[in-house]
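Student: requesting a structural model of the entry that follows:
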Amino acid sequence: MKYKIHRYFYMVINLKKTISNKNNIYQVTIVSIAVNIFLAVLKVVSGLITKSNVMISDGVHSLSDVFATLVVIIGIKISRKKPDKKHQYGHERYECITSILLSVIIFLTGLFIGYNGIITIIKKNYITMTIPGFELIFISLICIITKELTFKYIKNIAQKNNSSALMADAWHHRADELSSIGVFIGIFGSIIGIKILEPISCIAIALLIMKSAVDIWHDSVDKMVDCSVSEEVEKNIRNIINNQKDVHKIDDLKTRLFGSKIYIDLEISVDSNISLKKAHQIAHNVHDEVEAKIKECKHCMIHVNPDIEKSSN
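Tutor: Alright, predicted model coming up:
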């Protein structure tokens, strides 16, 4: 038994090594589904054996999370499609739609957990709850540790790929982890005779889950409505442009988020006495440098203005 447990934790901790391509988001979603199925079976079986309704409910919740990950797979697959005649700017915003759907699922999960906690306190159902055994504490800890490791792993890949849908799936795992913490507190409280700890912890955890859902919603909506990039990214863009030879100044710079990508509209001033060919070459150099150093940049549109004040005689 100890060997099997040790082997399981070794497999989870070395999850990154089991995937050949760290940036392969489709393999990551497979890991997400596998973790949820494993934990769902573990929770339901242990809940049936120990007659713990709270553990069975948490297991059903984990199984339902497989649906959310399938939504992520579909959203990412569509968003990665190449531009076509009908969608000439690509399909990246489909990933934002996926993130918004997931944020709603996460919010409803928190709402459901909080509602059950409030009803349990109002009706005082916690008084008649069956006192579980210590083995459920151990199983709860396995679920919490597994979810935390999965959250960190998927979050890391999401950041590398700048994937809002994958990031939402990572936070979904964190929401499940918080739910499992509530189960752990409830089981521990029942064992030591403080049964009300479970519904109280469920309400607190529900608020945290709903807050993470709102954060995901705001981030996804920003990417849907052409929100500009952060000040840090804009500063980086300006530094790249200002360091280019023959660029006198930046006249105007506009950015907009398009799903996981960035569009840049730029106006620069150059010497008014140079040839059109030279001005075009300067713009081309700036274009290539920006797109090379800003990995999320999908396209940089540049307009060249004559700088009369600083032009050579």
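Student: quick one: low-confidence parts of the stretch 1-150 of the chain?
Tutor: Counting by pLDDT under 70, the low-confidence segments of the stretch 1-150 of the chain come to 1-26, 51-54, 57, 60, 64, 125-133.
Student: which residues of it fall in helices?
Tutor: Assigned by DSSP state H, counting those that start in this stretch, the helices in the stretch 1-150 of the chain fall at 2-13, 25-50, 53-79, 93-123, 135-161.
Student: out of those, which is closest to Asn243?
Tutor: helix 135-161 (26.2 Å; CB to CB). C-betas here are computed from N, CA, C, even on glycine.
Student: can you give me the buried ones in that closest one?
Tutor: 136, 139-140, 142-144, 146-151, 153-155, 157-158, 161 (16 or more other CB atoms under 10 Å).
Student: elements contacting the helix or strand following it?
Tutor: Of the helices and strands lying after helix 135-161 in sequence (DSSP states H and E), the nearest is helix 164-191. Here helix 164-191 touches helix 25-50, helix 53-79, helix 93-123, helix 135-161, helix 197-224, going by 3 or more CB pairs under 8 Å, 6 or more residues apart in numbering; DSSP states H and E.
Student: got the angle between the second one and helix 25-50?
Tutor: The reference is to helix 53-79. Relative orientation of helix 53-79 versus helix 25-50 (axes from the mean of the first three to the mean of the last three CA atoms, to 10 degrees): 170 degrees.
Student: list the helices and strands helix 53-79 packs on?
Tutor: For helix 53-79, the packing partners by 3+ CB pairs under 8 Å, 6+ apart are helix 25-50, helix 93-123, helix 135-161, helix 164-191.
Student: which of these is buried the deepest?
Tutor: helix 164-191 (a mean of 25; mean count of other CB atoms under 10 Å).
Student: that one: how far from the chain's middle?
Tutor: 16 Å (CA atoms, centre = their mean, to the nearest Å).
Student: state the mean pLDDT of that helix.
Tutor: The average pLDDT within helix 164-191 is 79.
Student: ok, now stretch 297-310?
Tutor: 85.
Student: next: stretch 221-241.
Tutor: Averaged across stretch 221-241, the pLDDT comes to 86.
Student: how long is that stretch end to end?
Tutor: 29 Å (CA to CA, to the nearest Å).
Student: look up how far Asn305 lies from the residue nearest the centre of the chain.
Tutor: Central residue of the chain (CA atoms, centre = their mean): Met167, 1.0 Å from the mean position. With distances taken as CB to CB, to the nearest Å, Met167 is found 39 Å from Asn305.
Student: distance of the residue lying closest to Trp217 once chain neighbours are set aside relative to Ser79?
Tutor: Spatial nearest neighbour of Trp217, chain neighbours left out: Ser103 (4.2 Å); criterion: CB to CB, 6 or more residues apart in numbering. Separation of Ser103 from Ser79 (CB to CB) stands at 16 Å.
Student: could you do Leu101 as well?
Tutor: 13 Å.
Student: also Glu291?
Tutor: According to CB to CB, Glu291 and Ser79 sit 20 Å apart.
Student: more neighbours: these two, which one.
Tutor: Counted by other CB atoms under 10 Å, Glu291 and Ser79 do not tie: Ser79 has more neighbours, with 22 against 16.
Student: nearest residue to the more buried one other than its sequence neighbours?
Tutor: Glu95 (3.8 Å).
Student: Asp222 now?
Tutor: Nearest residue to Asp222, sequence neighbours excluded (CB to CB, 6+ apart): Leu257, at 6.4 Å.
Student: packing partners of the helix or strand hosting that neighbour?
Tutor: According to DSSP H and E, Leu257 maps onto strand 249-258. On a contact count with 3+ CB pairs under 8 Å, 6+ apart, strand 249-258 meets helix 197-224, helix 231-242, strand 261-271, strand 297-307.
Student: again, only using 6 Å
Tutor: strand 261-271 (3 or more CB pairs under 6 Å, 6 or more residues apart in numbering; DSSP states H and E).
Student: from Ser201, how far off is Ala213?
Tutor: 19 Å.
Student: between those two, which one's more packed in?
Tutor: Ala213 (24 against 21).
Student: pretty sure that one contacts Leu108?
Tutor: No: counting by CB atoms under 6 Å, Ala213 sits too far from Leu108 to count as a contact (8.3 Å).
Student: burial count for the closest residue to Tyr89 other than its chain neighbours?
Tutor: Using CB to CB, 6+ apart and skipping residues adjacent in sequence, the residue nearest Tyr89 is Pro83, 6.5 Å away. Here the count is done by other CB under 10 Å, and Pro83 has 12 residues near it.
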